[in-house]
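**Student:** Below is the sequence, then the predicted model.
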Amino acid sequence: MNENTLVENTQQSLTNREFEAVISALEQAIDPEMGISVEDLGLIYSLQATTKDDDRQLRIIMALTMLGCPLSAELQTIVEQAVLANSSFKKVFVQIDPRIDWDPKRMSRVAKMTLGIL
């Protein structure tokens, strides 16, 4: 697990157990172009959980390494499916925020090593 995650638990809406499960799921969500998890790439910015009709729902805000990425819809689906399969959330909404400028400094050491940056 990326112990130095930069993902924000918005309003502390996730329990520690939920947060750890989601981060673990995000580590399994692999960017198809780069072959690195969205967590290690630093693409996930915030998580916010709510409860509706006794079901936990999760909203994920993420960025792309570059706007106009042709795989953005596929990447959203990959993230959604990974979290649904590996957490207790019943609904997951993944939103790509075009106002967020992704910064390569958000990448984990693993991602930087894989890409030959370190």
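**Tutor:** Nice, I can see it. Numbers count the residues shown, from 1 in each chain.
**Student:** I'd guess Glu74 is in a helix, am I close?
**Tutor:** Yes: membership of Glu74 in a helix is supported by DSSP: H, G, I helix; E, B strand; the rest coil.
**Student:** Could I get the contacting residues of the closest residue to it other than its chain neighbours?
**Tutor:** Distances taken as CB to CB, 6 or more residues apart in numbering put Pro32 closest to Glu74, at 6.4 Å, once the chain neighbours are dropped. Using the backbone N, CA and C atoms, a C-beta is placed for each residue, glycine as well. Counting by CB atoms under 8 Å, 6 or more residues apart in numbering, Pro32 makes contact with Leu71, Glu74, Leu75, Ile78.
**Student:** Which one among the residues you listed sits at the bottom for pLDDT?
**Tutor:** For the contacts of Pro32, the weakest pLDDT value sits at Leu71, with 90.
**Student:** so it makes contact with Val38?
**Tutor:** No: using CB atoms under 8 Å, Leu71 makes no contact with Val38, being 11.7 Å away.
**Student:** what ranges do the strands span in the chain?
**Tutor:** Listed in chain order, the strands of the chain (DSSP state E) span 8-9, 44-52, 55-62, 91-96.
**Student:** winner for burial among those strands?
**Tutor:** Mean neighbour count (mean count of other CB atoms under 10 Å) peaks for strand 55-62 among the strands of the chain, with a mean of 19.
**Student:** Dump the strands of the chain to JSON lines, plus distance to Leu26 and mean pLDDT.
**Tutor:** Below are the strands of the chain laid out as JSON lines (distance: least, CB to CB, whole Å; pLDDT from 0 to 100):
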{"stretch": "strand 8-9", "distance to Leu26": "13", "mean pLDDT": "88"}
{"stretch": "strand 44-52", "distance to Leu26": "6", "mean pLDDT": "94"}
{"stretch": "strand 55-62", "distance to Leu26": "8", "mean pLDDT": "94"}
{"stretch": "strand 91-96", "distance to Leu26": "11", "mean pLDDT": "96"}
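**Student:** So which of those strands is nearest Val22?
**Tutor:** strand 44-52 (5.9 Å; CB to CB).
**Student:** Report how many residues lie close to the nearest residue to Ile78 once chain neighbours are set aside.
**Tutor:** Spatial nearest neighbour of Ile78, excluding adjacent residues (CB to CB, 6+ apart): Ala29 at 5.0 Å. Around Ala29 there are 26 other residues, counting by other CB atoms under 10 Å.
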